[in-house]
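Engineer: compute the structure for the input listed below.
(one chain, ligands or ions: 1)
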Amino acid sequence: MNHHLLLIIHLICATIWVGGHLYVATIIIPSILKKRDAKRLLDFEKSFEPLGMPSLLILIITGVWMMYQYGVTFSDLFSFSTPIETAISLKVLFLLATVALAISAQSWVLPSVRKSPKRIPIVAGHVIMVALLGVALLTVGSFVSRGGL
Ligand code: HEM
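Structural biologist: The predicted structure follows:
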């Protein structure tokens, strides 16, 4: 597929993923921490998931596709030998951290916050970390077309 088209799809999905998490981190988290009631977060999470999860999946597919168009393969990753490969390897590390936090949230934090509001700060920490990782992924991504890191 044409690189520019892949980049446009990648950017639309990045907008959804990062925008959604920045909204939760700056608007919903302060409100649930104040009210000690996670319902607003759980409702948003439920309605965002059908858009957010496919966006993350498409980010990975288009990202890996563009990575190959830059001549970087999976076996090149984490050698930190060229500026472009270094930037993409950093993105993959941030992505793995995002996936680990998402698994932890889905399998442990969100189910437990439904039972006890004491867990709200833990879920808040997860969301803020995912939002910051999203901003990091976006920032590192912007360096690729400028020659890498
Ligand atoms: C949440 C996940 C991700 C976000 C938010 C994200 C965001 C971005 C953004 C904003 C750009 C900047 C494009 C530009 O300069 O116009 C970019 C570029 C890029 N991303 Fe991602 N990205 C993500 C995941 C990935 C993954 C998993 C890979 C590959 C393993 C990847 C590979 C790339 C590549 C190769 C570019 C350079 C495209 C170009 O400028 O030609 N991205 N990304």
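Engineer: list the buried residues of the longest helix seen in the chain.
Structural biologist: Criterion DSSP state H: the longest helix present in the chain is helix 39-69. Neighbour-count burial for helix 39-69 flags 41, 44-45, 48, 52, 55-56, 58-59, 62-63, 66-67 (criterion: 16 or more other Cβ atoms under 10 Å). Quick note: C-beta positions are derived from backbone N, CA and C, even for glycine.
Engineer: for the spatially closest residue to residue 3 that is not a sequence neighbour, give its distance to the ligand.
Structural biologist: Distance criterion Cβ to Cβ, 6 or more residues apart in numbering; nearest residue to residue 3, sequence neighbours excluded, is residue 69 at 5.3 Å. The gap separating residue 69 from the ligand is 8 Å, by Cβ to the nearest ligand atom, to the nearest Å.
Engineer: follow-up on the earlier one: closest to residue 127 out of the buried residues of helix 39-69?
Structural biologist: Nearest to residue 127 among these is residue 41, at 7.7 Å by Cβ to Cβ.
Engineer: was I right to think the residue nearest to residue 3 contacts residue 2?
Structural biologist: No: the pair residue 69 and residue 2 does not pass the contact test of Cβ atoms under 8 Å, sitting 9.6 Å apart.
Engineer: any weak-confidence spans in this protein?
Structural biologist: Applying pLDDT under 70 to the chain flags no residue at all.
Engineer: quick one: name the residues of it near the ligand.
Structural biologist: With Cβ under 6 Å from any ligand atom as the criterion, the chain comes near the ligand at residues 7, 10-11, 14, 17-18, 56, 59-60, 63-64, 66-67, 70, 88, 91-92, 95, 134, 137-138, 141-142, 144-145.
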